[in-house]
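Undergrad: here is the input, now give the coordinates:
(one chain, ligands or ions: 1)
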Amino acid sequence: MQNPFRNIPSVNELLESPPLREMVDQVSHSVVVSGVRKFLSDLRHDVQNAAAEINVPSAAELAERIAEWIENDETPALRPVINATGILLHTGLGRAPLAGEAIQAMSDVGRGYASVEVDLASGERSQRVLAVESLLVQLTGAEAAVVTNNNAAATLLTLTALAHGREVIASRGQLIEIGGSYRLPDVMTASGARLREVGTTNKTRIADYASAIGDETAALMNVHTSNYRVVGFTESVTTAELVALGRKHHLPVIDDIGSGALVDLTKFGVADEPIAADSIRAGADVVLFSGDKLLGGPQCGIIVGKRAMIKKISQHPMMRAMRVGKLTLAALAATLRLYRDPQTAELSVPLLMLLGTPIENLRQRAQRLAPQMAACDGIATADAVDDVTFLGGGSVPTQKIDTCCVAVTPTKGNVSEFAARMRNGLPAIFGRVSQDRFLFDLRTVFPHQDAQLIKALDAAAANPPAGEGPTAGAGDQPPAPDGGSQESPSGDGAWR
Ligand SMILES: *Cc1c(COP(=O)(O)O)cnc(C)c1O
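TA: Numbers count the residues shown, from 1 in each chain. Just a heads-up that it's a prediction; the model follows:
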């Protein structure tokens, strides 16, 4: 019997081939050698386990394939994309883009050592942590603040520190799910607190909370229904009413406001989002929100409130597991500094800039882009169209934001194939599909990216889709948007 591996070339033979020699120059000898070894070992495994004899490709062909495979492997799976979905806070696309000031601050502290929190055990805190806290105090009116990895961590930590083994009263109308893995009742269970549900889906009154209060009660909780609204025959309780009840029974009120706007965004068409300072003013003891939603900063969770509560939370042993690193602290502090003057924030926080772009600007850009796109190979039609978009795929459908898009139809193939090609291009572009057209929604495209849209279309026309895209595995799976698919931004409505 013949040796089934006889046709497989040696590592050295392959390394001598032109494509792999070029790879060595581009990447490094050790990366290519280990790539070749891995590829050959997979091949041997396939040959050994094949039912019939496998035709091993020629050495030259193998070298080509291995070089291509290594090249794909070298392209980072996490890389910049152009967000043409129109969804401003797309969780699958990393939520808020950061301000230049935040990026500079991260670069400054990332490059070397920094005055980060040195010794948690002694309780002594560095200037940097204190600086973030004092900015948060200044901007929300709270007594104290602490920062965690995200709002999910903030909620978990707060519930553990304040209510472990006891009851937290919350309305049945507010038991939210923020994407598959975040469900308030499950977070409550994980924290060791017991959820005491009151009221009904559509109506919860202050009397419902009052009659549930007992020896086991540790806190009252209010949760902003970020991604849905109960409308029609409804009744709910304000934070102020909850605070009045809490004071009477010496119970803290935890207010999870979700997106956490620091300034009023009504003029941008965002009217329904709670503002952190309002909740503090209403008397909430602990207010929780995300740093990378409407605040437009880095991913983090922000806890502001009464000094005694914040102390209890930040001294809990779980705090260490939830805290943020120097890059997040630096980016958050830089973003918060912009908010000291709301006008500066509007001009410098990218999320607010995108949100505040006048519709007339978007129209002009769409009208300029449409004929350029129509002239690209592979594009049958391209038109500027007015449309509406949403904050996050999950945010409320009542909060429509005016926008303008370029709607294109490809000459060949269907629109979802076209969308897949745009996602796999360089740069990768995510748009949305509506009525058999692919929409480039300019609400979330930065003006300097307009030219890149045209480049990407030209590149797509020059490289018709192969069986396997060059980035298969990295970009072929659409990232989870905030509920629904990026093709339907109004989707099912969940932050993820
Ligand atoms: C988004 C959200 C969360 C989760 O925040 P992350 O920062 O994504 O962890 C929790 N509660 C509410 C009300 C939210 O809107």
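Undergrad: which residues of the stretch 151-300 of the chain fall in strands?
TA: Along the stretch 151-300 of the chain, the segments classed as strands by DSSP state E, counting those that start in this stretch run 167-171, 194-198, 217-223, 253-258, 286-290.
Undergrad: ignore what I typed, I meant the stretch 301-450 of the chain.
TA: 301-305, 379-389, 401-410, 428-430, 432-434, 437-441.
Undergrad: that older thread, now the strands of the stretch 151-300 of the chain as JSON lines including mean pLDDT?
TA: Formatted as JSON lines, those follow (pLDDT from 0 to 100):
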{"stretch": "strand 167-171", "mean pLDDT": "98"}
{"stretch": "strand 194-198", "mean pLDDT": "98"}
{"stretch": "strand 217-223", "mean pLDDT": "98"}
{"stretch": "strand 253-258", "mean pLDDT": "96"}
{"stretch": "strand 286-290", "mean pLDDT": "97"}
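Undergrad: which of the ones you listed sits most buried?
TA: Highest mean neighbour count of these: strand 286-290, a mean of 29 (counted as mean count of other Cβ atoms under 10 Å). Any C-beta I mention is one placed from the backbone N, CA and C, and that applies to glycine too.
Undergrad: so which of the strands of the stretch 151-300 of the chain gets nearest the ligand?
TA: Closest approach to the ligand among the strands of the stretch 151-300 of the chain (Cβ to the nearest ligand atom): strand 253-258, 2.6 Å.
Undergrad: to the chain's geometric centre, what's the distance from that closest one?
TA: 20 Å (Cα atoms, centre = their mean, to the nearest Å).
Undergrad: and it, what does it pack onto?
TA: helix 151-163, strand 217-223, helix 239-248, helix 276-281, strand 286-290 (3 or more Cβ pairs under 8 Å, 6 or more residues apart in numbering; DSSP states H and E).
Undergrad: tell me which residues are up against the third one.
TA: The one in question is helix 239-248. Where contact means Cβ atoms under 8 Å, 6 or more residues apart in numbering, the residues beyond helix 239-248 that reach it are 206, 209-210, 213, 219-220, 222, 251-253, 255, 279, 282-285.
Undergrad: where does the stretch 51-200 of the chain have low pLDDT?
TA: Within the stretch 51-200 of the chain, the segments meeting pLDDT under 70 span 117-125, 127, 180.
Undergrad: so who does the residue of it found nearest the ligand touch?
TA: Per Cβ to the nearest ligand atom, N151 is where the stretch 51-200 of the chain lies closest to the ligand, at 3.0 Å. The contact partners of N151, by Cβ under 8 Å, 6+ apart, come to 256, 258, 260, 288-290, 301-302.
Undergrad: check A60 too.
TA: S17.
Undergrad: ok, which stretches of the stretch 1-150 of the chain are helices?
TA: Secondary structure of the stretch 1-150 of the chain by DSSP state H, counting those that start in this stretch: the helices cover 11-15, 18-26, 29-49, 59-74, 100-111, 127-140.
Undergrad: that older thread, distance to the ligand added to the strands of the stretch 151-300 of the chain, as CSV?
TA: Below are the strands of the stretch 151-300 of the chain laid out as CSV (distance: least, Cβ to the nearest ligand atom, whole Å):
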stretch, distance to the ligand
strand 167-171, 12
strand 194-198, 15
strand 217-223, 5
strand 253-258, 3
strand 286-290, 3
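Undergrad: for V11, which of these is the nearest?
TA: strand 286-290 (49.5 Å; Cβ to Cβ).
Undergrad: partners of the closest one in the sheet?
TA: strand 253-258 (parallel), strand 301-305 (antiparallel) (DSSP bridges).
Undergrad: dump the ones you listed into JSON lines; add distance to S30 as well.
TA: Formatted as JSON lines, those follow (distance: least, Cβ to Cβ, whole Å):
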{"stretch": "strand 253-258", "distance to S30": "47"}
{"stretch": "strand 301-305", "distance to S30": "40"}
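Undergrad: select, out of these, the one closest to G112.
TA: Nearest of these (Cβ to Cβ): strand 301-305, 26.7 Å.
Undergrad: outside of that closest one, which residues touch it?
TA: By Cβ under 8 Å, 6+ apart, the list of residues contacting strand 301-305 from outside reads 136-137, 140, 142-155, 157-158, 260, 276, 280, 284-291, 295, 310, 313, 322.
Undergrad: which ones are touching N414?
TA: D436.
Undergrad: mind redoing it with 6 Å?
TA: With contact set as Cβ atoms under 6 Å, 6 or more residues apart in numbering, N414 has no partners.
Undergrad: residues near Y228, how many?
TA: Using other Cβ atoms under 10 Å, Y228 is surrounded by 17 other residues.
Undergrad: to clarify, my last question referred to R183.
TA: Counted with other Cβ under 10 Å, R183 comes out at 14.
Undergrad: can you list the strands of the stretch 301-450 of the chain in a markdown table and add mean neighbour count and distance to G246?
TA: Converted to a markdown table, the strands of the stretch 301-450 of the chain look like this (neighbours: other Cβ atoms under 10 Å; distance: least, Cβ to Cβ, whole Å):
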| stretch | mean neighbour count | distance to G246 |
| --- | --- | --- |
| strand 301-305 | 27 | 12 |
| strand 379-389 | 17 | 38 |
| strand 401-410 | 23 | 35 |
| strand 428-430 | 23 | 44 |
| strand 432-434 | 20 | 43 |
| strand 437-441 | 26 | 43 |
